[in-house]
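In: need coordinates for the following:
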Amino acid sequence: MSTTTTNPGAKPGTAPTGPGTPGALTQRGVLAQARELTPQFAEGLGVTLAIAAATTIGKLVVPVAVQQTIDTGVLGPDGPNPGRVALLCSIAAVVVAITTVTAWVVNSRLFRSTEAGLAALRVRAFRHVHDLAVLTQSGERRGSLVSRVTSDVDTISTFLQTGMLVLVLSLGQVVLATAVMFVYSWQLALVVIGCFVPLVIIRNKLQRPVAAAYRQVRVRMGELLGAVSETVVGADVIRAHDAASRSWRTVDAAVEAHRKQAVKAQVATATTFSTGVVVSGLVVALVVVVGTLLGVDGDITLGRLLAFLFLAQLWVGPVQATTEVLNELQNALAGWRRVVDLIDTPVTVPEPPADRVRELPAGPVDVRVEDVAYTYPGTDKTVLTGVTLHLPAGSRTAVVGETGSGKTTLARLVTRLVDPAAGRVLLNGIDARDLPSRELHRRVVAVPQEGFLFDATVGDNVRRGKPGATDVDVRAAFADLGLTAWLDGLPDGLDTPVGQRGERLSAGERQLVALARAHLADPDLLVLDEATSSVDPATEVRLQRALEGVLSGRTSVAIAHRLSTAEAADVVVVVDSGRVVEVGPAVELAHAGGPYSRLHAAWTAQHS
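Out: Numbers count the residues shown, from 1 in each chain. Now for the predicted structure:
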């Protein structure tokens, strides 16, 4: 039975999307989903818009003051009136000052609401990445995933905190300026609007290539971050194989691809913007010409004409700014689309419904794998087929097989890092899909072949296995593993920094810390993906002895790349081409003439 589910937050009528399918949502769909994902943006928006409207009204005071000053203060029927001129100028100055304050208030309110919304969006996207199955995450380069939570959201932030304010104020200014223009001269108002009607009509056609170009800019940025992060993380391998020039070419190619796409997007933007500039210049010229003719005929006063020129600028400027902001909007929408696509990626290892939640009884876990099959997501490549196993509580099982046989996938199914495409995995008789992930991963712990360490101290990394553990608890974990001497040999003991990804320690030392972390967690089922493969022979012997005590009283499954691990297990499971072909004690299988016999013979010859 398939366990693939769609994201509960996905909108009806939209196809499931994933990290690899940017742009799958329509522009309207992106905006609709963004409103639901980040309701913080709308908090207090009505008040902010009201203050913004007051700010916009204040901008109209200047042209009105100009008209009144010229027509009634300078060219009035009784001649120049300095007192009226001073009064009008004073009123205009006060209103402009008030407008400055209200503009600051609008900015402050907008920044607070957008930062709250963006923080929620980052958290939602980050948590969703962790909800995705391991293989789903592996389907996209890590740098690209990081770019969705960082640079793509930053693009949205830039627009919301600059462009959106300009857009809101500009639209309000255009509406109010239009109304006042019709009051002063309906003829000139029609001239201004008539010049921009063709631009509005063709705007959508101009915006399509801009939107497409900016979508590709975001994609290229993700690829660039992926290439850079891969080169930085793999620096040792690059140096070891003298592959620096090849890596540089890869990064250079990603940089060049981003540069070309960014230039293409900017050219499309410049085309749209230049069209607005041309129309804006045409408007001013026509207003001067037509206004002069109207003035000659006595249809408009000098004050009204001058005021109208100010109004035309208040109208043309926002229209031109709006055109530019709409281009920036395309970049923000492209980033938002990528974030929404990520959040819409189906969670293939979902939490169980409330009515199916079960609790795992304490104690060693009995594991049953019943007719399980697994296929890589989005492909028809079957990794496991018809796997049925019983691992009794408290038993020690070693899973062996050639590379690519399906050993690690079997371990991922037991720990529920992935779900089977068919069949089920039972832990103490409970379907693993009915166990909440927090409960499951508290009781079932996996130690991967390459122990990952966080950029913290040795003690902090071990405490990840049991939050709240004291230094005494951590030291006891190392003592149980027989690693006290190694711990005391570190520069600062438990307080020794391990560096990013544990790079200050050797591969074997990182594995020691990972084992201590797993031991401190005290799981009921421990899965080891050949956790001792990175340590030196002397340390391996010491660990094997320590693990005898650590594994006592709990169920364990070890993915064995070394048959020395299999020799110490109660039962050996041999996997070949995605199927379980042998199960039994190592001693019996070594003489059974099957696949394990061949593996054992090759191992014996290698170590003889």
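In: residue 377 belongs to a strand?
Out: No: when the secondary structure is assigned by DSSP: H, G, I helix; E, B strand; the rest coil, residue 377 falls in coil instead of a strand.
In: what about it, neighbour count?
Out: 18 (other CB atoms under 10 Å). Glycine gets a C-beta too; all of them are placed from N, C-alpha and C.
In: do I have it right that it meets residue 348?
Out: Yes: counting by CB atoms under 8 Å, residue 377 touches residue 348, with 6.3 Å between them.
In: hang on, residue 556 in a strand?
Out: Yes: judged by three-state DSSP, residue 556 forms part of a strand.
In: partner residues bridging it?
Out: Note on residue 556: beta-bridge partners by DSSP bridges are residue 396, residue 526.
In: contacting residues around it?
Out: 395, 396, 397, 525, 526, 527, 528 (CB atoms under 8 Å, 6 or more residues apart in numbering).
In: rebuild these as a markdown table, extending it with neighbour count.
Out: A markdown table is the format used below for the contacts of residue 556 (neighbours: other CB atoms under 10 Å):
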| residue | neighbour count |
| --- | --- |
| 395 | 18 |
| 396 | 20 |
| 397 | 24 |
| 525 | 24 |
| 526 | 26 |
| 527 | 26 |
| 528 | 25 |
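In: between those, which is nearest residue 438?
Out: Among those, residue 525 lies closest to residue 438 (CB to CB), at 15.3 Å.
In: can you tell me the average pLDDT over the helix or strand hosting residue 229?
Out: For residue 229, the host element (DSSP states H and E) is helix 186-233. Computed over helix 186-233, the mean pLDDT rounds to 75.
In: equivalent analysis for stretch 547-559, please.
Out: Rounded mean pLDDT across stretch 547-559 is 78.
In: buried residues in that stretch, which are they?
Out: Buried residues in stretch 547-559, defined by neighbour count with 16 or more other CB atoms under 10 Å: 547, 550, 551, 554, 555, 556, 557, 558, 559.
In: now render those as a markdown table, adding distance to residue 463.
Out: Listed next are these as a markdown table, based on distance: CB to CB, whole Å:
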| residue | distance to residue 463 |
| --- | --- |
| 547 | 21 |
| 550 | 18 |
| 551 | 22 |
| 554 | 20 |
| 555 | 24 |
| 556 | 23 |
| 557 | 25 |
| 558 | 25 |
| 559 | 26 |
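In: which one of these is nearest to residue 95?
Out: Using CB to CB, the buried residues of stretch 547-559 come closest to residue 95 at residue 559, 75.3 Å.
In: could I get the contacting residues of the closest one?
Out: By CB under 8 Å, 6+ apart, the residues touching residue 559 are 398, 399, 407, 408, 411, 449, 527, 528, 529, 530.
In: I'd like the distance between it and residue 409.
Out: Distance, residue 559 to residue 409, by CB to CB, to the nearest Å: 10 Å.
In: again, but for residue 109
Out: Distance from residue 109 to residue 409, by CB to CB: 52 Å.
In: also residue 592?
Out: Look at residue 592 and residue 409: by CB to CB, they are 25 Å apart.
In: how is this structure divided into domains?
Out: 30-343, 367-607 (automatic domain parsing).
In: comparing these, which yields the minimum mean pLDDT?
Out: Across the domains of the chain, domain 30-343 gives the lowest mean pLDDT, at a mean of 76.
In: just how off-centre is that domain within its chain?
Out: For domain 30-343, the distance from its own C-alpha centre to the chain's C-alpha centre is 24 Å (CA atoms, centre = their mean, to the nearest Å).
In: hey, where'd the helices end up in the stretch 301-450 of the chain?
Out: Here the stretch 301-450 of the chain has its helices, by DSSP state H, counting those that start in this stretch, at 302-343, 407-414, 437-443.
In: got the CA positions of stretch 390-400 in PDB?
Out: Presented in PDB, the C-alpha positions along stretch 390-400 are these (Å, rounded to 0.1, in the frame of the first residue of the first chain):
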ATOM      1  CA  HIS A 390      11.500 -11.200  12.100                       C
ATOM      2  CA  LEU A 391      14.100  -9.700  14.500                       C
ATOM      3  CA  PRO A 392      13.200 -10.800  18.100                       C
ATOM      4  CA  ALA A 393      13.400  -8.400  20.900                       C
ATOM      5  CA  GLY A 394      16.900  -8.200  22.400                       C
ATOM      6  CA  SER A 395      18.500  -9.900  19.400                       C
ATOM      7  CA  ARG A 396      21.600  -8.600  17.600                       C
ATOM      8  CA  THR A 397      21.200  -8.700  13.800                       C
ATOM      9  CA  ALA A 398      23.800  -8.000  11.100                       C
ATOM     10  CA  VAL A 399      22.700  -7.200   7.600                       C
ATOM     11  CA  VAL A 400      25.300  -8.000   4.900                       C
END
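In: buried stuff in it?
Out: Neighbour-count burial for stretch 390-400 [16+ other CB under 10 Å]: 391, 393, 394, 395, 396, 397, 398, 399, 400.
In: hmm, which two among these are most spread apart?
Out: Longest span within the buried residues of stretch 390-400, CB to CB: 393 and 400, 21.8 Å.
In: coming back round to it: quick check, nearest of the buried residues of stretch 547-559 to residue 104?
Out: The closest of the buried residues of stretch 547-559, once distances to residue 104 are taken by CB to CB, is residue 559, at 61.6 Å.
In: quick one, phi psi at the closest one?
Out: Torsion angles at residue 559 (phi, psi; degrees, to the nearest 10) stand at phi -80, psi 110.
In: residue contacts, the closest residue in space to it that isn't next to it in sequence?
Out: Counting by CB to CB, 6 or more residues apart in numbering, residue 559 lies nearest to residue 529, which is 4.4 Å off, once chain neighbours are set aside. Residues counted as contacts of residue 529 (CB under 8 Å, 6+ apart) are 408, 411, 446, 447, 448, 449, 558, 559.
In: sounds good, over and out.
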